[in-house]
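Colleague: following is a predicted model, sequence given first.
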Amino acid sequence: MTAEEIKQTLVQRLKSIAPDTEPSQLQPDDNIRQSLGIDSFDYLQFIVAIDEQFSIETPEEDYGKIQTLRELTEYVAARVKG
Amino acid sequence: MAGNLVTYRECIKQAIREVLLGDERVFMMGEDVGHYGGAFAVSKNLLQEFGPERIMDTPLSEAGFVGAGIGAALGGMRPIVEIMTVNFSLLALDQIANNAATLLHMSGGQFNVPLVIRMSAGIGRQLAAQHSHSWEPLFAHLPGLRILSAGTHEDARYMLAPALLDPDPVIIFEYTSLLNVEKELPVHAGSIDISKARVRREGKDISIITYGTGVYKALTAAEELAQAGMEAEVVDLRILRPLDDETIMASVAKTNRALLVEDASRSVSVSSEVSARIMEKCFYELDAPVQRLCGAEVPIPYPKHLEDAAVPQPAQIVSMVKSILQHDRV
Amino acid sequence: MIEYKMPSLGADMESGFLREWRVQPGDHIHKGDIIAEVETQKGIIEIEVFEEGIIGELLVKINEQVPVGTAMATILSEEEARSGIKAVPTEAQKETIVAPPVTATIVQPETIPHPHHIRASPLAKRIAAEKGIDIATIHGTGPDGAVTRDDVEHAIAAQVAPMAEAPKVAPAEKPVMPEIKAEAKPKIEIPEIPKPTATPTTAAESIRMAVAAAMSKSNREVPHYYLETKIDMSKALAWLSETNKQRPVKERLLPSVLLIKAVAKALIDVPDLNAWWENGLQRKESINVGYVVALRTGGIMVPAIHDADTKSLDELMQALNDLIPRARALRLRSSELADSTITVTSLGEGGVETVYGVIYPPQVALVGFGGITEQPWTENGMLAVRPILTATLAADHRASDGSTGSRFLTSIKNYLQQPDKL
């Protein structure tokens, strides 16, 4: 799975969690939650969704490392390969 | 049609002629009513027609000649006393309030005073604070008097005869600003009553309740309002004491809103009284607070534009009605 | 026979549009069943019943505008249903059956709360009383929002006129309920409703208006007092982190759940704040925590978490999982909109430290939580850096006093020091 594919999947997931936002407009280094106005509840749903989608397990202490689209794409890419 | 038009002045004159012709107990007295023909030419030529016994010039003493009028009335005559302008009436207030209005009561019903006092009132001819007064509320306050306000040509012409038939003192307010106004006089069969207010124009949206010079102003305003789709009913109070509650309440019950208009200053005015009565008797018919449009609380100024600004004008009536009906908002 | 009436889904609600009947005459219903969908400013709301029985008549047609308090359906007991349904009524009989309940509700004076402190003209009040309409449900368009005769007459017309005539009786400039275009449309087709000009047409605008009305009422009528306390969250967060570590991501808990539970338990200790102010203090048996959900398009929805005090943390989390997405989609149930006995708003994620809230009437209290930030903290004479949460209480001074509020905040604070017992 390429980084671009991962990114596209993430954007789709964000769109379904927060249908009234435009995740496709996100810049790689934008803070996702701040830019889209996503609260902790939505964010938890998002993590649940990507964990299911990519069959990974994201521990709570990692939340701080995955705040931008770039970070998140790299994080997922590393785990999917591993 | 012009042939049918008649001035307010001519209406008063014909009213006086009618009663002089109809009852020989009737005579008129006042300052300059005879040889001069009346300060406002109302009684011009009446001296020539009826003679000095029935058209009597008096000395410049309101207390004196009003007192004489009371005496004549007590003695079986039917005097019409003209007080030139309302400001002079205060000189005779002792006679009016302490004698005319109270003798029936104080004599234990033995002496009634069938006196009629006519006076020119109101503003609008640049007579300044000296001669421009709307003191109807002052007199309407006094028990024992019947207070009439001739706001129309019809009343100027037909109120005098029934006033003379009243066994008790009657004051008729006439309006100098209307003297030269020409109107078509309605054909009238017999006398008109002096106990009822009159609906001068029917409408369903608001009652404009007024008297005196307010009547024609309200009718003008109602005309303009009608063109904007608002139907104002104009109620002419005519009798300021005792007030005709029945007509007032019937109108308010129909329109559910009331605007009270008068030249007299707002505080403790006829409108104050009418407003209070509407609250007492008609509260549950009201769809909006009763509003008043009255004279400014000032001595009347001399300059025309300030004089106009001191009393309600049709444009103000129109805009006030619009605001009560929230017409501007829609 | 019971009349099922249009419920009020908040102090600001005047009426709603019936969009769908979920039941038919003859259906058996039980407490909690959804019998209809009603469109309000807050979206499509599923209306529940609180009676057992059998649906008799449906008194309101689809797409009719229904003022709060209007009879919508009759609910019969078993016996009534047996005697009534035996013979299928003819059309003529139906008429006579249908008509009385409608008139009956219109002229039952005892169902009309006496219109105290309602700004309305005397005439409007009199007509409303004569026609049996609760003047509090009528939207006033007169000076300063006074209800006038026109408003009452429009309300009467809206109540009795068949749908076909609605455009005539509800002039475009005076809509009582604006149309809502909810994101999640129900399956049914919504016919064109006369669209008012210069009135809210989108869900966001409509919700804005609803919030505006409720908050204005609160600010006008409720004398607020405010208290604030700082809470050391180190124990609570440590417990949460430990707990979440052992759970799959799907079952993780959010800090909000701890806060809601602490509030609910504190309300058991201080019941005066779990109440409504309606002609005096009315304490509520159930502790239903209204949780503020901010909508990204603006506006808020405040669904109730029923019986929050008896729910476990997991159950509370499930409740949030269920409620928040439905709140965002404007698909809540009537009880979820109407039953809250207190409001909790958590604004910490936006970065603020302290929240001074506006109470949602008729509730008497609102708890505001700010963000959890690391702050210097002294304990036993020692200075440390701790995660600190600022909790505020906005309370109705008619209903309680500062000492009550203070006990309540202290109680919340204490519960959060023992997260394992929550």
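Modeller: Structure's in. What do you need? Note that the structure is a prediction, hence the values are computed from the model and not measured.
Colleague: contacts and neighbour counts: CA atoms only from here.
Modeller: Will do.
Colleague: helix, strand or coil for residue B:230?
Modeller: The three-state label given to residue B:230 by DSSP: H, G, I helix; E, B strand; the rest coil is coil.
Colleague: surely residue B:196 touches residue B:238?
Modeller: Yes. Taking C-alpha atoms under 8 Å as the definition, residue B:196 is a contact partner of residue B:238 at 7.3 Å.
Colleague: from the neighbour counts alone, determine which of those two ranks first.
Modeller: More crowded of residue B:196 and residue B:238, by other C-alpha atoms under 10 Å in any protein chain shown: residue B:238, with 27 against 19.
Colleague: what bridges to the closest residue to the more buried one other than its chain neighbours?
Modeller: Once flanking residues are discounted, residue B:238 sits nearest to residue B:149: 5.0 Å by C-alpha to C-alpha, 6 or more residues apart in numbering or on different chains. With DSSP bridges as the criterion, residue B:149 is bridged to residue B:173.
Colleague: gap between residue B:149 and chain C?
Modeller: 32 Å (C-alpha to the nearest C-alpha, to the nearest Å).
Colleague: from what I see, residue B:85 and residue B:131 are in contact.
Modeller: Yes. Counting by C-alpha under 8 Å, a contact exists between residue B:85 and residue B:131, whose distance comes to 6.5 Å.
Colleague: so between those two, which is more surrounded?
Modeller: Taking other C-alpha under 10 Å, residue B:85 and residue B:131 do not tie; residue B:85 has more neighbours (22 against 19).
Colleague: contacting residues around that one?
Modeller: Residues in contact with residue B:85 (C-alpha atoms under 8 Å, 6 or more residues apart in numbering or on different chains) are B:119, B:120, B:121, B:131.
Colleague: quick one: which of those residues is nearest chain C?
Modeller: residue B:121 (37.1 Å; C-alpha to the nearest C-alpha).
Colleague: the closest one contacts residue B:174, correct?
Modeller: Yes. Under the criterion of C-alpha under 8 Å, residue B:121 makes contact with residue B:174 at 5.8 Å.
Colleague: near chain C, which residues of chain A show up?
Modeller: Within chain A, the positions adjacent to chain C are A:20-21, A:37, A:39-41, A:44-45, A:47-48, A:51, A:57-60 by C-alpha under 8 Å from any C-alpha of the partner chain.
Colleague: whoops, the stretch 151-300 of chain B was the one
Modeller: Going by C-alpha under 8 Å from any C-alpha, the residues of the stretch 151-300 of chain B near chain C are B:256, B:283, B:284, B:285, B:286, B:287, B:288, B:289.
Colleague: mind putting the residues you listed into CSV with distance to residue B:76?
Modeller: Output for those, formatted as CSV (distance: C-alpha to C-alpha, whole Å):
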residue, distance to residue B:76
B:256, 47
B:283, 46
B:284, 48
B:285, 47
B:286, 48
B:287, 51
B:288, 51
B:289, 49
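Colleague: residue C:361: which element?
Modeller: Assigned by DSSP states H and E, residue C:361 belongs to no helix or strand.
Colleague: I would like a ChimeraX command selecting only the buried ones among the contacts of residue B:85, please.
Modeller: In ChimeraX, a selection of the buried entries from those looks like this (16 or more other C-alpha atoms under 10 Å in any protein chain shown):
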select /B:119,120,121,131
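Colleague: mind checking the SS state of the closest residue to chain C within chain A?
Modeller: Closest to chain C within chain A is residue A:48: 5.8 Å, counting by C-alpha to the nearest C-alpha. Assigned with three-state DSSP, residue A:48 falls in the helix class.
Colleague: and what of residue B:104?
Modeller: helix.
Colleague: OK, contacts around it?
Modeller: B:110, B:111, B:112, B:113.
Colleague: farthest-separated two in those?
Modeller: B:110 and B:113 (10.1 Å; C-alpha to C-alpha).
Colleague: those two: which is more packed in?
Modeller: residue B:113 (29 against 9).
Colleague: pretty sure that one sits against residue B:69.
Modeller: No. Between residue B:113 and residue B:69 there is no contact under C-alpha under 8 Å: 9.2 Å.
Colleague: identify the contacts common to these two.
Modeller: Common neighbours of residue B:113 and residue B:69 (C-alpha under 8 Å, 6+ apart) do not exist.
Colleague: dump the residues of the stretch 151-300 of chain B next to chain C to a markdown table, plus secondary structure and neighbour count.
Modeller: Formatted as a markdown table, these follow (DSSP: H, G, I helix; E, B strand; the rest coil; neighbours: other C-alpha atoms under 10 Å in any protein chain shown):
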| residue | secondary structure | neighbour count |
| --- | --- | --- |
| B:256 | coil | 26 |
| B:283 | helix | 21 |
| B:284 | helix | 18 |
| B:285 | helix | 24 |
| B:286 | coil | 25 |
| B:287 | coil | 27 |
| B:288 | coil | 24 |
| B:289 | coil | 17 |
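Colleague: quote the end-to-end distance of stretch B:98-116.
Modeller: Separation of the first and last residues of stretch B:98-116 by C-alpha to C-alpha, to the nearest Å is 16 Å.
Colleague: return the distance of that stretch from the chain's centre.
Modeller: Relative to its chain's centre, stretch B:98-116 lies at 22 Å (C-alpha atoms, centre = their mean, to the nearest Å).
Colleague: so what's the backbone phi/psi at whatever residue of chain A ends up closest to chain B?
Modeller: With C-alpha to the nearest C-alpha as the measure, residue A:20 is the residue of chain A nearest to chain B, at 35.8 Å. Phi and psi for residue A:20, reported as degrees, to the nearest 10, are phi -90, psi 20.
Colleague: that one reaches residue C:298, doesn't it?
Modeller: No. Between residue A:20 and residue C:298 there is no contact under C-alpha under 8 Å: 11.0 Å.
Colleague: what is in contact with those two at once?
Modeller: The contact lists of residue A:20 and residue C:298 share no entry, where a contact means C-alpha under 8 Å, 6+ apart.
Colleague: give me the beta-bridge partners of residue C:55?
Modeller: residue C:75.
Colleague: how many neighbours does it have?
Modeller: 24.
Colleague: so what's it up against?
Modeller: C:23, C:24, C:25, C:26, C:27, C:28, C:29, C:73, C:74, C:75, C:76.
Colleague: out of these, who has the most neighbours?
Modeller: residue C:75 leads these on contacts (other C-alpha under 10 Å) with 26 neighbours.
Colleague: circling back to that earlier point, which one of the contacts of residue B:85 is nearest to residue C:9?
Modeller: residue B:121 (62.9 Å).
Colleague: tell me the contacts of that closest one?
Modeller: By C-alpha under 8 Å, 6+ apart, the contact list for residue B:121 reads B:85, B:86, B:132, B:133, B:134, B:135, B:173, B:174, B:175, B:176.
Colleague: list buried residues within those.
Modeller: By neighbour count, with 16+ other C-alpha under 10 Å, those hold B:85, B:86, B:132, B:133, B:134, B:135, B:173, B:174, B:175, B:176 as buried.
Colleague: how deep is residue A:1 tucked in, by neighbour count?
Modeller: By other C-alpha under 10 Å, the residues close to residue A:1 number 8.
Colleague: ok, for it, nearest residue in space, not its chain neighbours?
Modeller: Per C-alpha to C-alpha, 6+ apart, closest to residue A:1 is residue A:77, 7.8 Å.
Colleague: give me the pLDDT for the one you found.
Modeller: Per-residue pLDDT puts residue A:77 at 88.
Colleague: now it: which helix or strand?
Modeller: helix A:69-81.
Colleague: what about that helix, distance to the chain center?
Modeller: Computed by C-alpha atoms, centre = their mean, the chain-centroid distance of helix A:69-81 equals 9 Å.
Colleague: contact partners of that helix?
Modeller: Here helix A:69-81 has contacts from A:1-3, A:6-7, A:10, A:26-32, A:54-56, A:65-66, using C-alpha under 8 Å, 6+ apart.
Colleague: now with 6 Å, please.
Modeller: Here helix A:69-81 makes contact (C-alpha atoms under 6 Å, 6 or more residues apart in numbering or on different chains) with A:7, A:28, A:66.
Colleague: considering those, which possesses the most neighbours?
Modeller: Most neighbours among the contacts of helix A:69-81, by other C-alpha under 10 Å: residue A:7, with 20 neighbours.
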